[in-house]
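Q: Fold the following and give me the result.
(one chain, ligands or ions: 1)
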Amino acid sequence: MHERAFVLAPAAEIAADWHHPLRNKTIRELLAALPSQQCAVNGMRVFISARDAQLEIMRLRTERRSLGLVPTMGALHDGHLSLVRLAREQSDIVVASIFVNPTQFAPHEDLGQYPRNLDADLQALAAAQCDIVLAPSAAEMYPAGFSTYVEPPAVAAPLEGACRPGHFRGVATVVLKLFHLVPADRAYFGQKDYQQLLVIRHMVRDLAVPVEIVPCPIVREADGLAMSSRNRYLSPHQRQQARALSRALDAAERLVKSGERDARRIVGQMRDALAGAGMERIDYVVLADPESLVEKSSLDGPAVALIAAHVGNTRLIDNRLLNT
Ligand code: PAJ
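A: A predicted model of the protein is given here:
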């Protein structure tokens, strides 16, 4: 109730009345029921109407204030919040979006299960001094008759693109739509999703989208596991196993530092680290060119090591830039 009261505070007419018919609705339903379809959380404005948010942001732009956008799917953790903090340092107005984008999930993936907690997300964003949150519904982002998609750039084809067909088409489409709804000076993306960052950078370059893409470093738990909304699916045992991803990347880094240049030998040791932790399903372990993602057989320049592996039913990804 405490969290709910926090968000409900501006909707005094609902919050004050325990018998109000909207009392047991979700936050999204409550927001939809408010005449303005928006509320303020500790001064941070929350819109569920993308159109209203767009109009307000256009208005703010006429005041020549710089705008930073942080697109997310919610279930926020410190990795997401590091993007908000960097945006806060660099921009007059910080906008975060929360939208679990159905078109980037395949039918067998975890769209239905994906963690959603708008209350906690709004509190975290308000604490990080975000100014505006856009949390639109799927019906508004993909209204009846929606049929226009972005064909993602070539860098979307391997790795995640091969394992998750259609994923980057969904990502590129929703991100371009968000760029139009929130015409920002800068947009912040984590290196945790290394290939996604490249897909967005190439799309922005190819389609001349007037936004600067700011890459942000991977935020990790104390034991090295990259923070991810999906980590909460892990059992305590799986959580221990999951450490193998960052350990495999540590091993790759050590080998490169000690002079190893044979990508096959490095990948072999990374696979051993994953297998040693009992990870049976490995989608890929590669060393690739950091800009094109073309696989490398020898390390004659900078490279990125990328891993995707399953722990139980949870699919985890991680990566590290390797300097030779
Ligand atoms: P989501 O997985 O919620 O991630 C939102 C942003 O947070 C992405 O840019 C992601 O790379 C970044 N991020 C996640 N974990 C991080 C970590 N441990 N350290 C640093 N940054 C991290 O990525 C998406 O959502 C979606 O595909 C989206 C771009 C919003 C389009 O739907």
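Q: what sits up against stretch 315-324?
A: Stretch 315-324 is contacted from outside by 160, 191-194, 218, 226, 228, 230-231, 242, 245-246, 249, 252-253, 256, 261, 283, 287, 290, 299-310, using CB atoms under 8 Å, 6 or more residues apart in numbering. Every C-beta, even on glycine, is put in place using the N, C-alpha and C of the backbone.
Q: Cys39: what secondary structure?
A: Three-state secondary structure (criterion: DSSP: H, G, I helix; E, B strand; the rest coil) places Cys39 in strand.
Q: Against Leu118, how distant is it?
A: Applying CB to CB, to the nearest Å, the value for Cys39 to Leu118 is 11 Å.
Q: And Leu30, by the same measure?
A: For Leu30, the distance to Leu118 - CB to CB - is 10 Å.
Q: Helix, strand or coil: sort out Arg260 for me.
A: Quick fix: residue 260 reads Glu, not Arg. Bear in mind the rule, three-state DSSP; under it Glu260 is coil.
Q: What's the local residue count around whichever residue of the stretch 1-150 of the chain sits closest to the ligand?
A: Closest approach between the stretch 1-150 of the chain and the ligand, counting by CB to the nearest ligand atom: Gly79, at 2.5 Å. Gly79 has 22 neighbouring residues, counting by other CB atoms under 10 Å.
Q: Would you mind naming what in the stretch 101-250 of the chain lies close to the ligand?
A: 101, 104, 171, 174-175, 189-190, 192-193, 196, 216, 218-219, 226-229 (CB under 6 Å from any ligand atom).
Q: swap the cut-off to 5 Å and go again
A: When proximity is defined as CB under 5 Å from any ligand atom, the stretch 101-250 of the chain approaches the ligand at 101, 171, 174, 189-190, 192-193, 218-219, 226-227.
Q: Let's see if you can find the most crowded of those.
A: When neighbours are counted as other CB under 10 Å, the busiest of those turns out to be Val171, with 25 neighbours.
Q: Roughly how far does Met73 sit from Asp262?
A: Taking CB to CB as the measure, Met73 and Asp262 are separated by 38 Å.
Q: neighbour count winner among these two?
A: Just comparing Met73 and Asp262: by other CB under 10 Å the higher neighbour count belongs to Met73, 19 against 13.
Q: What sits closest to that one if chain neighbours are left out?
A: Ranked by CB to CB, 6 or more residues apart in numbering and with sequence neighbours excluded, the top spatial neighbour of Met73 is Val100, at 4.8 Å.
Q: what ranges do the strands span in the stretch 151-300 of the chain?
A: Counting by DSSP state E, counting those that start in this stretch, residue ranges of the strands within the stretch 151-300 of the chain are 186-190, 212-216, 282-288.
Q: same deal with the stretch 1-150 of the chain?
A: Read by DSSP E, counting those that start in this stretch, the stretch 1-150 of the chain holds these strands, from start to end of the chain: 38-41, 44-47, 67-72, 93-98, 132-134.
Q: Dump the ones you listed to a markdown table, plus mean neighbour count.
A: Shown next, in a markdown table, are these (neighbours: other CB atoms under 10 Å):
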| stretch | mean neighbour count |
| --- | --- |
| strand 38-41 | 18 |
| strand 44-47 | 22 |
| strand 67-72 | 27 |
| strand 93-98 | 26 |
| strand 132-134 | 25 |
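Q: Which residues are in contact with Val94?
A: Val94 makes contact with 67-68, 70, 84, 87-88, 129-132 under the criterion CB under 8 Å, 6+ apart.
Q: For those, give me JSON lines that also has pLDDT.
A: What follows is those, written out as JSON lines (pLDDT from 0 to 100):
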{"residue": "Leu67", "pLDDT": "97"}
{"residue": "Gly68", "pLDDT": "98"}
{"residue": "Val70", "pLDDT": "99"}
{"residue": "Val84", "pLDDT": "98"}
{"residue": "Ala87", "pLDDT": "98"}
{"residue": "Arg88", "pLDDT": "98"}
{"residue": "Gln129", "pLDDT": "96"}
{"residue": "Cys130", "pLDDT": "97"}
{"residue": "Asp131", "pLDDT": "97"}
{"residue": "Ile132", "pLDDT": "97"}
